[in-house]
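A.B. asks: Okay, sequence plus prediction incoming.
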Amino acid sequence: MPTVQEVRKLLEERGAVLLAHNYQRPEVQDAAHFVGDSLELSLKAAEVDAKIVVFAGVDFMAEQAAFLNPEKVVLHPEPLSRCPMAAMLTPEVVKEYKEKYPGAPLVVYVNSLAEVKAMADYVVTSANAVALVSQLDADTILFGPDRHLAEYVAERTGKSVVPLPELGHCPVHLAITPSDVERAKREHPAARVLAHPECVRAVRAMADFVGSTSQMVRAARELGAREYVVATEVGLLHRLAKLGVEAYPASPYAVCPDMKKITLESVARAVLEGREVVRVDPKIAEKARRAVERAFELLGVSAPWRRS
Ligand code: SF4
């Protein structure tokens, strides 16, 4: 297994940049040039000068970095690192719901595949889903694939948010239970609780703050507590520890096996062998990119891949 320093040296020799998601293994995060959530990393891919971007994250993230940055070579070190929640929303399910709810805008979470994004009106993240849906001129919104995030958006906006598919979920966040949070709070009574909106309602209700991974990082700095209990995938704890934040997992079993498939070895192999290059059908890429851009336009955010 190569060391963090060896991987970093190799990346630099080949003029490649490593972007790693907050849920990656600690050593992969340590070797990365940037660590963040999926949207931050796609934006970063547009900003960096390097022509080769190695994306340490699951399939939909690498795919999104590729379709937002078609002039760059995006390498996914482990093509079998696939998000099961993204796979729950297929184009067939989308067609079925569009027929059932004609005229209802389709908002899809970034955690979905490019084919589905290409069918959407807007692509959102857990950080901006509430803001975007509240601005839509419609009372009924189709939202997929996470039904817990859909429920959270409905609670916060007062709109009728129809989840598609009906039971779409992240298995990692679903497995974090209210009793996990209670136990963690008993063990760390001074801690404040940060939860991801993919958690079930009962867990969200116990949290002092609900938000995306990057919002949780910001909240941990701003809330000023001595310690935190974190209801999300355990990879975020490494990022928080590096920032000097004392944080504990709501559940030590909240581990995403797909995120952990990427290792220093697979990153080094990807750079040395130049694979797997992420390719998205140009027609799908164009439509998916437009759905991301429409969300940016509505939210008044400029898209870095269009600045040049
Ligand atoms: S943590 Fe959940 S949503 Fe994220 S990649 Fe793993 S299964 Fe998918």
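C.D. replies: That came through, no problem. Predicted model, so just to flag it, every value in this text is computed and none were measured. Residues are numbered from 1 along each chain as shown.

A.B. asks: OK, contacts around Asp121?
C.D. replies: Neighbour list for Asp121: 105-107, 291, 294 [criterion: Cβ atoms under 8 Å, 6 or more residues apart in numbering]. Heads up, the C-betas are built off the backbone N, CA and C, glycines and all.

A.B. asks: ditto for Leu106
C.D. replies: 94, 97-98, 119-122, 142-144.

A.B. asks: what's across from it in the sheet?
C.D. replies: Leu142 (DSSP bridges).

A.B. asks: ok, now how distant is it from the ligand?
C.D. replies: From Leu106 across to the ligand, the span is 19 Å (Cβ to the nearest ligand atom, to the nearest Å).

A.B. asks: for Ala86, same thing?
C.D. replies: Ala86 is 6 Å from the ligand, by Cβ to the nearest ligand atom.

A.B. asks: Pretty sure Ser112 is one of the things that residue touches, is it not?
C.D. replies: Yes: taking Cβ atoms under 8 Å as the definition, Ala86 is a contact partner of Ser112 at 5.1 Å.

A.B. asks: Now for the two: what residues contact both?
C.D. replies: Shared contacts of Ala86 and Ser112, counting by Cβ under 8 Å, 6+ apart, come down to 60, 145.

A.B. asks: If any of the contacts of Leu106 are buried, put those into a ChimeraX selection.
C.D. replies: Remark: buried members of the contacts of Leu106, expressed as a ChimeraX selection using 16 or more other Cβ atoms under 10 Å:
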select :94,97,119,120,121,122,142,143,144
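
A.B. asks: For the ligand, tell me which of the contacts of Leu106 show up nearby.
C.D. replies: Checked against the ligand using Cβ under 6 Å from any ligand atom, these yield no neighbours at all.

A.B. asks: taking the contacts of Leu106 as a set, which two sit the farthest apart in space?
C.D. replies: Spatial extent of the contacts of Leu106 (Cβ to Cβ) is set by the pair Tyr97 and Tyr122 at 15.0 Å.

A.B. asks: Ignoring the adjacent residues along the chain, who's closest to Ala295?
C.D. replies: Using Cβ to Cβ, 6 or more residues apart in numbering and skipping the chain neighbours, the partner closest in space to Ala295 is Tyr122 (4.2 Å).

A.B. asks: Help me confirm that the one you found comes into contact with Gln135.
C.D. replies: No: Tyr122 sits out of contact with Gln135 when judged by Cβ under 8 Å, with a separation of 9.8 Å.

A.B. asks: Are there residues contacting both of the two? Which ones?
C.D. replies: By Cβ under 8 Å, 6+ apart, the residues touching both Tyr122 and Gln135 are Leu298.

A.B. asks: since we're on the closest residue to Leu174 other than its chain neighbours, how many residues are nearby?
C.D. replies: Spatial nearest neighbour of Leu174, excluding adjacent residues (Cβ to Cβ, 6+ apart): Val200 at 6.6 Å. Residues lying near Val200 (other Cβ atoms under 10 Å) number 19.

A.B. asks: Val193 versus Val200, what's the distance?
C.D. replies: 14 Å (Cβ to Cβ, to the nearest Å).

A.B. asks: and the nearest residue to Arg14 once chain neighbours are set aside, helix, strand or coil?
C.D. replies: Leaving aside its sequence neighbours, Arg14 sits nearest to Val271 (Cβ to Cβ, 6+ apart; 5.3 Å). Put simply, Val271 is helix when judged by DSSP: H, G, I helix; E, B strand; the rest coil.

A.B. asks: Contacts only, for Val271.
C.D. replies: 7, 10-11, 14, 16, 52, 54, 75.

A.B. asks: How about residues contacting the helix or strand where Leu19 lies?
C.D. replies: Leu19 belongs to strand 16-21 when assigned by DSSP states H and E. With contacts defined as Cβ under 8 Å, 6+ apart, strand 16-21 is touched by 7-8, 11, 28-29, 31-38, 41, 44-45, 48, 50, 52-58, 61, 65, 75, 235, 259, 267, 271.

A.B. asks: quick one: which of these sit in helices?
C.D. replies: 7-8, 11, 28-29, 31, 38, 41, 44-45, 61, 65, 235, 267, 271 (DSSP state H).

A.B. asks: So which of these sits lowest on pLDDT?
C.D. replies: On pLDDT alone, Ser38 ranks lowest of these, at 83.

A.B. asks: which bits of the stretch 201-308 of the chain sit near the ligand?
C.D. replies: 233, 256, 258-259.
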